[in-house]
Every structure is written in structure tokens, then in C-alpha cells.
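A.B. asks: Sharing a model prediction with you, sequence too.
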Amino acid sequence: MSPTGDDGMRQEILNPILTRRRLLESAAALGLTFSASGFLAACGGDDDETTSIGPTGDPQRGGRLRVGHVGGGTGESVNPATGSSFIDASRFFNIYDPLFRVSPTLAVEPGLVLEWEPNDDSTMWVFRLRPDVVWHDGKPFTADDVIYTLQQMADEGHTAHSSVSNVKLADVRKSDDLTLEIPLLRPDARLYDQFVQQNTVIVQDGSKPTRLPVGTGPFKLTEFTPGQRSLGVRNENYWDEGKPYVDEWEDISIDDNTARLNALLGGEIDMMSQLPFTQARAEAGGDQIQVIDAPSPALQVFIMAVDEPPFDDVRVRQAFRLIADRQALIDGALSGYGTVGNDLAGSGLPYYMEAKAPEQDLEQARSLLAEAGHENLEVTLHTSDIVPGFVEAATLFAEQAREAGVTVNIKKEAANAYFDTSLLYTKLPFAQSFWTYSSLAAWYTQSVLSDAVWNETHFRDEQYDELIQDAIGATDESSAQELWDEVQQRQLDDGGYIVWAYQNIVDAAATNVGGITPSSFFNLGGWNYRDVWLQT
């Protein structure tokens with residue numbers, strides 16, 4: 001069986017909310033209900049019934065969960081306003097809580113928001129917050145904390161700024177300590193999609209960046225050394241009753257992929273994120289470790305800055321898309337852990353536009369480059385070990401490009417600098433990137449809007465921004481699909497992305513680690529350590 005498994009099963013995993021019927025079925029499975037107005041209410045369900053791997057039986061308590069990651073160097077952060085690396089995401093989701101959670105099958109679930117309801121045209125939303133939540137310092141969690149966090153996101157330098165760009169922040173009001181009214185500049189039929197990512201977690205009212213911040217999450221941070229390690233202890237007052245199961249959680253920076261796997265095999269860590277694909281293939285089916293494999297809409301991409309030569313010419317961008325032999329890249333760089341991408345984000349998600357993936361056409365690529373005056377083109381492709389498959393894909397693409405008369409020089413960048421926006425990230429004309437996300441709205445607002453914090457391709461067009469916002473705001477499903485089709489067609493025509501693969505999310509754990517549910521949203525079950533336990 002291929003790593004992606006049965007294709008029909010894959011579609012079930014990646015299409016939990018394609019239709020209202022599917023949404024209702026997913027909600028029913030979670031103990032949630034909808035009224036005619038779209039009101040979503042929590043009725044005590046959670047995701048415990050989803051399939052997990054590892055030891056069976058009742059979770060055991062105690063122990064320290066040690067997790068190895070590719071580090072972010074001195075740029076690592078515990079401040080959601082600035083952190084952008086994977087290890088930062090791990091910390092954010094375990095020190096703090098988001099307003100909404102994303103299930104392993106990409107369904108939106110209650111987080112700190114327990115109930116949510118829009119008005120008829122989705123220009124006003126009411127969020128009803130979870131009661132009896134306390135901060136690590138004992139203060140009660142209230143609507144003031146959410147308002148303060150949204151105000152912090154108003155700063156254009158905040159990594160979650162795009163999540164509130166449509167919110168009338170000055171008019172956000174609390175009806176009581178646990179109820180918020182959130183007015184919008186324009187309709188947004190899925191406002192919750194904007195508040196599920198790691199940089200939208202909620203910080204305490206009045207708090208300032210600090211080395212050991214307080215949160216409402218399952219663990220209280222006690223130690224943090226950027227580029228090395230962090231340590232948290234169990235939050236005994238966590239609102240998700242009985243969790244977490246372990247007494248301590250430790251994140252450890254181990255940049256080298258082989259060293260990270262050896263640490264797992266040697267018992268020095270209990271879990272590792274981003275298991276290299278060749279090692280996943282070698283270990284799958286064995287008894288030394290558990291391979292955590294989740295089919296996903298996650299993206300492996302080459303990015304071309306549309307405002308920098310030679311990629312400021314659309315003919316060059318289209319030529320590079322035709323150079324890529326996508327299946328060969330998947331087979332060689334991902335060891336088969338992925339499916340062919342068609343240059344669009346969102347495979348299997350609502351409003352994704354099915355379009356045929358470009359097939360390699362070296363003659364047409366040569367012709368387009370000649371038309372653009374770029375015969376015998378030479379470019380530099382920036383890569384890194386930060387994400388498994390990057391260096392291998394860069395090497396393979398360079399070989400493919402040579403057949404089209406293009407010389408691709410590979411420059412390998414330091415892993416701890418690659419996704420640091422103060423150093424390299426969003427500043428490279430031709431590079432690679434990786435995305436996990438749960439909706440088209442989340443991806444486009446973070447990557448393609450003119451003011452998107454992670455606008456890797458430098459795609460800036462005010463009219464296109466309006467089109468994206470119109471698509472986000474469409475409350476009629478048919479109109480929404482038409483608008484999203486326009487959005488996606490523009491990316492196919494003019495965009496700077498070569499989306500060559502929808503990549504499985506692949507990690508690993510020791511055989512005594514239980515409670516892990518492979519997640520299509522993010523690594524290590526969506527960085528969900530509250531459910532993880534250690535068998536002794």
C-alpha cells in the first residue's frame with residue numbers, strides 16, 4: 001500500500017466539511033449542533049474517539065515527554081507575535097490556547113470559544129467563551145484577554161495581523177465577561193478560520209513579552225533557552241479535565257535529521273517532528289519506533305518572487321512550472337509520501353478548484369524562456385535542511401532544469417535562519433517553502449494578500465486583495481465557489497508558486513508513547529501533547 005493509503009479514504013480524511021451535510025455529520029460525531037442560523041454549540045464532545053496510535057488501554061500518568069525538533073536558533077520565541085518556526089508553534093500550542101482548535105481531520109472545534117454565531121450577513125459574530133478557565137498565575141480568563149490579544153494583532157508587525165485586518169477592532173465589545181461581539185468591515189462566513197493558527201493563541205490582558213509567559217494551555221513554562229530547549233510542567237488547573245497526562249514536557253532543538261532520529265532510537269527523546277522520508281520508509285512496519293503518517297493538504301513548494309528578475313516575467317514563472325516533473329520529485333524527495341500538486345493550495349478543502357496539474361514539457365519551457373529573453377538562464381535556488389525533502393527536491397529540480405537549458409545553483413542555508421523573517425524568510429527570490437493550514441482563507445490571507453505577513457512570492461495587487469476578501473465573505477455556497485475559482489485561477493495564471501506536492505505530515509515516536517492521533521493539520525498530532533502519555 002502506498003504511504004497515502006486508499007485514495008477514497010484519503011478524500012474522507014481531507015473533506016470533512018465540503019458540504020453542509022458533511023459538516024453536520026462531523027459536528028454530530030463531536031457532540032455539536034447547528035441551528036438554522038448557523039449557531040454552533042458544544043455539548044460535551046471531544047476528539048477522543050478519533051483513531052490514535054501507540055499503546056492501548058487507559059492513559060498512564062507521569063513522566064517527562066521529550067520532543068526533538070529542528071530548532072530556530074536564537075530567533076526562537078515564546079511570543080506569538082513574532083515566532084515563526086515549527087518549534088515555536090509547538091510551544092505556542094502548549095503554553096497558550098487558541099480560540100478554535102482544528103481536529104486531526106481538519107474540522108473546526110471549540111477551543112477557548114465554546115459557541116459562535118454570525119448574524120444574517122456574517123458582518124457581526126458573537127463568541128461565547130469557555131467558563132472556568134484560569135491563567136497559569138490563577139487569574140480568570142475573560143473576554144478582556146481576547147480583546148487585548150486582538151488589539152495586539154492590530155500591529156502590522158504581528159505575525160497574525162492578517163487575522164484581524166477585517167475586524168473593526170475599536171468596536172469589539174464584551175456583553176459580559178464571557179461574551180464578545182466582533183463586528184467586521186466586510187462579511188466573513190468562516191471567521192473562525194482566522195483564529196486557529198499558532199500565532200493567534202490568546203495572551204493575557206496587559207501582558208508584555210517575557211521569557212517565561214503565562215498562558216491557559218496544558219503546560220506552564222519553567223525554562224526557556226532559545227536554540228536549545230524549553231521545559232514546562234503540567235498545568236494542574238487545565239480546563240480540559242484530567243489532562244495533560246505527563247508531568248513535564250520538554251522541547252529540544254536538534255537541527256540535524258540523523259541526530260534527531262538517533263536520539264529517538266537511543267531513548268534520549270520520546271517524539272520527533274519531521275522524520276525524513278527515507279528514514280520513514282525504512283522504519284515503517286518495523287518495531288523500533290512508531291512512524292506517524294497523516295495524509296494532508298500540506299504544501300511542498302518552490303517560491304518565485306514575482307517582483308524580482310527573472311521571475312518578474314510571468315513567462316519565466318510558467319516555464320519553471322513546466323520544468324518540474326512532479327511525480328519524480330515526490331518519488332525522489334518525499335519517498336512517495338505525497339500526491340501531485342497542481343500549483344494551488346487547498347487539496348480536499350472547501351472551495352478548492354480541481355485543476356489538472358501541469359505535466360513536464362521541457363520544449364515549451366524552453367520556448368517560453370526564449371520569448372522572455374532568458375535563454376541559458378542561470379538562477380540560485382535557496383534550500384535548507386529545515387524541512388525534510390527540501391534539499392533532495394532542490395537537487396532533483398536542478399537536474400530537471402538542466403534539460404531545459406537552465407542552470408540552477410543550489411545554496412544551502414542554515415536551518416535555524418531559514419524561516420526567520422529578520423534574516424532570510426520572505427526575502428529570497430527563488431527558494432522553497434512548506435505550509436500546513438486548515439482553510440483556503442487562512443492560507444491566502446497569510447501568503448498572498450498584499451500585506452500578508454508571509455508573502456513569500458511578493459504578490460501584491462489591491463484588486464486581487466478585494467477579490468480574496470469577497471470570496472472570504474460570500475455566505476452563499478455557489479457564489480463563494482465562483483469567487484474562490486477566480487482567486488485560484490489568478491494564481492494559476494500569474495502566481496509565483498510551484499505547488500508540486502501535497503505532502504503527508506510524517507513524524508515519529510517511541511513505541512511506549514500513547515495518545516497520538518496523526519493530524520492532517522500540523523505535526524505531532526497538531527502539536528497536541530495534552531493527550532499524549534508514556535507507558536512504563
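C.D. replies: The structure has been received and is ready for your questions.
A.B. asks: CA atoms for contacts and neighbours, from now on please.
C.D. replies: OK.
A.B. asks: how does this protein divide into domains?
C.D. replies: 7-213+505-534, 299-503 (automatic domain parsing).
A.B. asks: Among those domains, show the one with the smallest mean pLDDT.
C.D. replies: Lowest mean pLDDT within the domains of the chain: domain 7-213+505-534, a mean of 84.
A.B. asks: roughly how far out does that domain sit from the chain middle?
C.D. replies: Distance of domain 7-213+505-534 from the chain centroid (C-alpha atoms, centre = their mean, to the nearest Å) equals 12 Å.
A.B. asks: separation between the closest residue to Val246 other than its chain neighbours and Pro244?
C.D. replies: Excluding the flanking residues, the one nearest Val246 by C-alpha to C-alpha, 6 or more residues apart in numbering is Gly62, at 4.5 Å. Distance, Gly62 to Pro244, by C-alpha to C-alpha, to the nearest Å: 9 Å.
A.B. asks: which one of these two has more residues nearby?
C.D. replies: Pro244 (26 against 16; other C-alpha atoms under 10 Å).
A.B. asks: which stretches of the stretch 351-500 of the chain form helices?
C.D. replies: 362-371, 390-402, 415-418, 440-447, 462-473, 477-494 (DSSP state H, counting those that start in this stretch).
A.B. asks: Dump the ones you listed into CSV; add distance to Tyr502 and mean neighbour count as well.
C.D. replies: Below are the helices of the stretch 351-500 of the chain laid out as CSV (distance: least, C-alpha to C-alpha, whole Å; neighbours: other C-alpha atoms under 10 Å):
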stretch, distance to Tyr502, mean neighbour count
helix 362-371, 23, 19
helix 390-402, 14, 21
helix 415-418, 21, 22
helix 440-447, 14, 22
helix 462-473, 22, 18
helix 477-494, 16, 17
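A.B. asks: With Leu114 as the reference, name the closest of those helices.
C.D. replies: Among these, helix 440-447 comes nearest to Leu114, with 20.6 Å by C-alpha to C-alpha.
A.B. asks: And for the closest one, what's in contact with it?
C.D. replies: Applying C-alpha atoms under 8 Å, 6 or more residues apart in numbering, the contact partners of helix 440-447 are 162-163, 193-194, 345-346, 349-352, 437, 452-456, 468, 472.
A.B. asks: Just list the residues touching Gly495, thanks.
C.D. replies: If you count contacts by C-alpha under 8 Å, 6+ apart, then Gly495 has Val306, Arg317, Thr457, Phe459 around it.
A.B. asks: surely the last one meets Leu449?
C.D. replies: Yes - between Phe459 and Leu449 a contact is recorded at 7.3 Å, counting by C-alpha atoms under 8 Å.
A.B. asks: Please measure how far the first residue of stretch 67-82 sits from its last one.
C.D. replies: OK, stretch 67-82 end separation, C-alpha to C-alpha: 22 Å.
A.B. asks: what comes up buried for that stretch?
C.D. replies: The neighbour-count check on stretch 67-82 (16 or more other C-alpha atoms under 10 Å) flags 67-73, 75-82 as buried.
A.B. asks: Give me the subset of the residues you listed that lies in strands.
C.D. replies: Among these, the members falling in strands (DSSP state E) are Val67, Gly68, His69.
A.B. asks: wait, what's in contact with the last one?
C.D. replies: Translated: His69. Phe86, Ile87, Asp251, Ile252, Ser253, Ile254, Asp255, Arg260, Met272, Ser273, Gln274.
A.B. asks: how does it look with 7 Å?
C.D. replies: Ile87, Ile252, Ser253, Ile254, Asp255, Met272, Ser273 (C-alpha atoms under 7 Å, 6 or more residues apart in numbering).
A.B. asks: ok, the residues you listed vs Ile498, which is closest?
C.D. replies: Ser273 (24.7 Å).
A.B. asks: Please work out how many residues are found near the closest one.
C.D. replies: Residues near Ser273, counting by other C-alpha under 10 Å: 27.
A.B. asks: Look up how far Gly525 lies from it.
C.D. replies: For Ser273, the distance to Gly525 - C-alpha to C-alpha - is 10 Å.
A.B. asks: same thing with Pro80?
C.D. replies: Distance of Pro80 to Gly525, computed by C-alpha to C-alpha: 20 Å.
A.B. asks: With Lys356 instead?
C.D. replies: Relative to Gly525, and taking C-alpha to C-alpha, Lys356 is found at 31 Å.
A.B. asks: Have a look at the two and say which one is more surrounded.
C.D. replies: Each of Lys356 and Gly525 has its neighbours counted (other C-alpha under 10 Å); Gly525 has more, 25 against 10.
A.B. asks: I'd assumed Gly514 was in contact with the more buried one.
C.D. replies: No - between Gly525 and Gly514 there is no contact under C-alpha atoms under 7 Å: 11.6 Å.
A.B. asks: Double-check Ile182 against Val126; I have them as touching.
C.D. replies: Yes - between Ile182 and Val126 there is a contact under C-alpha under 7 Å: 6.2 Å.
A.B. asks: Tell me who's in contact with the residue nearest the centre of the chain.
C.D. replies: Taking C-alpha atoms, centre = their mean, the centroid of the chain lies closest to Thr436, which sits 2.9 Å from it. Shown in contact with Thr436 (C-alpha under 7 Å, 6+ apart): Ala298, Leu299, Phe521, Phe522.
A.B. asks: How many residues are close by the second one?
C.D. replies: If I follow you right, that is Leu299. 26.
A.B. asks: need the contact list for it.
C.D. replies: By C-alpha under 7 Å, 6+ apart, the residues touching Leu299 are Phe434, Trp435, Thr436, Val499, Ala501, Tyr502, Gln503.
A.B. asks: The fourth one: neighbour count?
C.D. replies: Burial measure for Val499: 23 neighbouring residues, criterion other C-alpha under 10 Å.
A.B. asks: all strands for the stretch 201-350 of the chain, in order.
C.D. replies: Listed in chain order, the strands of the stretch 201-350 of the chain (DSSP state E, counting those that start in this stretch) span 219-225, 229-234, 248-253, 271-272, 289-294, 299-304, 338-340.
A.B. asks: would you turn the ones you listed into TSV with distance to Trp484?
C.D. replies: Shown next, in TSV, are those (distance: least, C-alpha to C-alpha, whole Å):
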stretch	distance to Trp484
strand 219-225	39
strand 229-234	41
strand 248-253	39
strand 271-272	36
strand 289-294	26
strand 299-304	19
strand 338-340	21
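A.B. asks: Between those, which one is closest to Val391.
C.D. replies: strand 299-304 (11.7 Å).
A.B. asks: quick one: strands adjacent to the closest one?
C.D. replies: strand 430-435 (antiparallel), strand 497-503 (antiparallel) (DSSP bridges).
A.B. asks: just these: most buried one?
C.D. replies: When those are scored by mean count of other C-alpha atoms under 10 Å, the highest mean neighbour count falls to strand 497-503 (a mean of 26).
A.B. asks: quick one: contacts of the following helix or strand past it?
C.D. replies: Scanning forward in sequence from strand 497-503 by DSSP states H and E, the next helix or strand is strand 505-510. Here strand 505-510 makes contact (C-alpha under 7 Å, 6+ apart) with 264, 270-275, 289-296, 520, 523-524.
A.B. asks: let's go with 6 Å and repeat that
C.D. replies: Asp270, Met271, Met272, Ser273, Gln274, Leu275, Ile289, Gln290, Val291, Ile292, Asp293, Ala294 (C-alpha atoms under 6 Å, 6 or more residues apart in numbering).
A.B. asks: with the residues you listed in mind, which one is nearest to Val108?
C.D. replies: Proximity of the contacts of strand 505-510 to Val108 (C-alpha to C-alpha) peaks at Ala294, which lies at 17.5 Å.
A.B. asks: Who are the contact partners of that closest one?
C.D. replies: Per C-alpha under 6 Å, 6+ apart, neighbours of Ala294: Asn504, Ile505, Pro518, Ser519, Ser520.
A.B. asks: Would you format the residues you listed as CSV with neighbour count and distance to Ala372 included?
C.D. replies: Output for the contacts of Ala294, formatted as CSV (neighbours: other C-alpha atoms under 10 Å; distance: C-alpha to C-alpha, whole Å):
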residue, neighbour count, distance to Ala372
Asn504, 26, 36
Ile505, 28, 38
Pro518, 26, 45
Ser519, 27, 43
Ser520, 29, 40
